[in-house]
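Student: structure for the following, please:
(one chain, ligands or ions: 1)
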Amino acid sequence: MGEETLSVRDNRTGEEVEIPISDGTIRATDLRQLGLMSYDPAFLNTASTRSGITYIDGDAGILRYRGYPIEQLAEHASFLETAWLLFEGELPTREQLDAWEEEVRVHTYVHTNVTQFLDGFRHDAHPMGMLLGAIAALSTFYPDAKEIGDAESRRLQRVRLIAKFPTIAAWVFRHSRGLPYVFPRNDLGYIGNFVNMTFEIGGQHEPNPVLQRALEILLVLHADHEQNASTNAVRGVGSTQVDPFSAVSAGVAALYGPLHGGANEQVLRMLDEIGDVKNVPAFIEGVKKHERLLMGFGHRVYKNYDPRAKLIKRVADDVFAQTGVDPKLEIALELERIALEDDYFVSRKLYPNVDFYSGIIYRAMGYPTDYFTVLFALGRLPGWLAQWEEMLSDSEQKIARPRQVYTGYGERDFVPLANR
Ligand code: ACO
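Tutor: As a prediction, the model looks like this:
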């Protein structure tokens with residue numbers, strides 16, 4: 001069989017071109033032969049990269065990291081094991097995993113001056129605002145992070161970010177609560193250390209292994225999601241060859257938005273507002289009139305049940321067995337039940353996404369609503385870094401700089417102030 005092509009005829013000129021099709025995709029640059037650009041606001045049908053990290057089949061509800069189904073990783077893999085898989089492309093051997101965990105452990109400390117940045121925030125500063133400022137500030141502590149052409153330097157920054165992110169995330173939590181900062185403990189694992197730094201009071205914290213494993217599963221589920229908005233931000237900003245701390249802070253900023261990671265916070269606010277199961281039908285009617293969104297529903301890629309949302313429901317059972325059921329769960333289940341039967345949602349293929357149930361679980365674990373997206377960021381960090389690395393080693397990538405269709409004025413002469 002010959003090469004698959006798309007024939008395009010320009011009816012203005014009669015000119016025809018054959019555009020090669022590869023992986024179900026044509027290159028937008030091939031349209032230059034006809035003097036044309038492609039116009040795709042919000043990238044609805046544009047692949048910005050080739051990637052070997054995460055596979056999603058949105059119609060079938062399939063998610064795999066490096067080929068491994070998310071269901072298997074959620075059941076068997078630790079978060080650091082998942083991060084290694086995303087970075088290296090293969091599951092680590094026992095030896096590799098031990099060495100990786102040890103390397104992360106010895107980099108968990110953060111320069112204490114960072115606590116002064118956090119102290120500068122108001123007591124009611126949003127945790128995501130603090131997180132993004134503190135991560136961006138970290139770049140100034142590691143000038144060597146600018147050496148992005150050096151593979152060993154890139155690896156070191158990756159270790160630093162993975163190791164220090166939980167420390168900063170925990171300190172953000174402590175600042176919100178007016179509690180003294182707790183420093184990392186090298187005798188604890190990645191999750192245990194983070195939980196201890198957030199919840200320790202007076203040197204005491206009784207770890208709950210079930211809740212810690214539940215948190216770890218949630219982080220694994222969030223670890224990567226191909227070219228989502230925050231990853232696109234990390235890649236876009238990283239494409240300018242800035243250091244990874246700055247690129248990752250761009251990812252945190254993108255995640256903060258309510259249409260992306262910030263949705264987990266908004267789901268809880270929505271459930272609080274609905275207040276009672278009896279108010280669900282009226283709320284759904286408002287959504288159908290486009291008065292508001294049903295937060296935690298819908299996805300650019302999934303046109304089927306988000307596989308992560310399915311797994312999260314199982315995690316919720318484990319968590320609620322420990323903490324008791326949050327009454328908000330009843331409202332969420334009723335919203336889902338009605339939405340999945342209603343033509344508005346069915347015809348638009350709107351299903352619960354990862355954020356729909358995660359917030360209720362985080363709340364049961366003791367995290368305040370405005371902190372939920374920080375947990376999402378902690379989970380997504382390995383994905384941002386793996387995608388950043390992949391972008392830098394991809395010879396086809398350049399500075400991400402889209403074109404535009406200009407719709408403004410043609411040339412006109414400046415009018416002096418006195419004449420306007
Ligand atoms: N509630 C009600 N209607 C919705 C919702 C929703 N949550 N999501 C989409 N729709 C409707 C849109 O109004 C539109 O209807 P129309 O065709 O009558 O105009 C149709 O479904 C298609 O939606 P789009 O906005 O075109 O879909 P898009 O792919 O651009 O947006 C998004 C995806 C941003 C996730 C959207 O579904 C949304 O805003 N959801 C709520 C916020 C949310 O949960 N975000 C988290 C996403 S997952 C994540 O980032 C981890």
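Student: could you use CA atoms for every contact and neighbour count after this?
Tutor: Noted.
Student: what's the distance between D10 and L34?
Tutor: According to C-alpha to C-alpha, to the nearest Å, D10 and L34 sit 7 Å apart.
Student: equivalent analysis for G52, please.
Tutor: G52 is 32 Å from L34, where distance means C-alpha to C-alpha.
Student: do A386 as well
Tutor: Using C-alpha to C-alpha, we find A386 at a distance of 36 Å from L34.
Student: give me the more crowded residue out of the two.
Tutor: A386 (22 against 14; other C-alpha atoms under 10 Å).
Student: what residue ranges in the protein score low on pLDDT?
Tutor: Low-confidence segments of the chain (pLDDT under 70): 1-2.
Student: V346 reaches I338, doesn't it?
Tutor: No - between V346 and I338 there is no contact under C-alpha atoms under 8 Å: 10.5 Å.
Student: which neighbours do the two share?
Tutor: Common contacts of V346 and I338 (C-alpha atoms under 8 Å, 6 or more residues apart in numbering): none found.
Student: the nearest residue to V106 once chain neighbours are set aside and the ligand, how far apart?
Tutor: Among residues not flanking V106 along the chain, N186 sits closest, at 7.3 Å (C-alpha to C-alpha, 6 or more residues apart in numbering). Using C-alpha to the nearest ligand atom, to the nearest Å, N186 is found at 32 Å from the ligand.
Student: and for F297?
Tutor: Taken as C-alpha to the nearest ligand atom, the span from F297 to the ligand is 4 Å.
Student: quick one: contacts for that residue?
Tutor: Residues in contact with F297 (C-alpha under 8 Å, 6+ apart) are 350-353, 356.
Student: name the nearest residue to V220, ignoring sequence neighbours.
Tutor: Spatially, and ignoring its direct neighbours in sequence, V220 is nearest to F79 (5.4 Å; C-alpha to C-alpha, 6+ apart).
Student: ugh, typo on my part, it should be G359
Tutor: Among residues not flanking G359 along the chain, N264 sits closest, at 5.3 Å (C-alpha to C-alpha, 6+ apart).
Student: what's in contact with the helix or strand encompassing the one you found?
Tutor: Assigned by DSSP states H and E, N264 falls within helix 263-274. Contact partners of helix 263-274, identified using C-alpha under 8 Å, 6+ apart, comprise 257-258, 280, 283, 295-296, 328, 331-332, 355-360, 369-373.
Student: following it, which helix or strand comes up?
Tutor: Next element after helix 263-274 (DSSP H and E): helix 280-288.
Student: tell me if the helix or strand hosting F372 is near the ligand.
Tutor: Assigned by DSSP H and E, F372 falls within helix 372-392. No - Helix 372-392 lies apart from the ligand when judged by C-alpha under 6 Å from any ligand atom; the minimum separation is 8.5 Å.
Student: show me what contacts the residue nearest to I62 when sequence neighbours are not counted?
Tutor: Using C-alpha to C-alpha, 6+ apart and skipping the chain neighbours, the partner closest in space to I62 is I56 (5.5 Å). Residues near I56 by C-alpha under 8 Å, 6+ apart: 62-64, 225-226, 301.
Student: just to be sure, R64 is in a helix?
Tutor: No - with DSSP: H, G, I helix; E, B strand; the rest coil as the criterion, R64 is assigned strand and is not in a helix.
Student: quick one: contacts for it?
Tutor: Taking C-alpha under 8 Å, 6+ apart as the contact definition, R64 lies against 54-56, 70.
Student: could you list the domains of this protein?
Tutor: 68-254+371-390, 263-307+316-365 (automatic domain parsing).
Student: which residues touch the nearest residue in space to P382 that is not next to it in sequence?
Tutor: Using C-alpha to C-alpha, 6+ apart and skipping the chain neighbours, the partner closest in space to P382 is A83 (5.2 Å). Shown in contact with A83 (C-alpha under 8 Å, 6+ apart): 223, 382-383.
Student: now S51
Tutor: 226, 390.
Student: ok but it is inside a strand, no?
Tutor: No - assigned with three-state DSSP, S51 falls outside any strand and is coil.
Student: my guess is F356 meets A309, correct?
Tutor: Yes - under the criterion of C-alpha under 8 Å, F356 makes contact with A309 at 7.2 Å.
Student: which bits of the stretch 151-300 of the chain sit near the ligand?
Tutor: Counting by C-alpha under 6 Å from any ligand atom, the stretch 151-300 of the chain sits next to the ligand at 259-261, 263, 287, 293-300.
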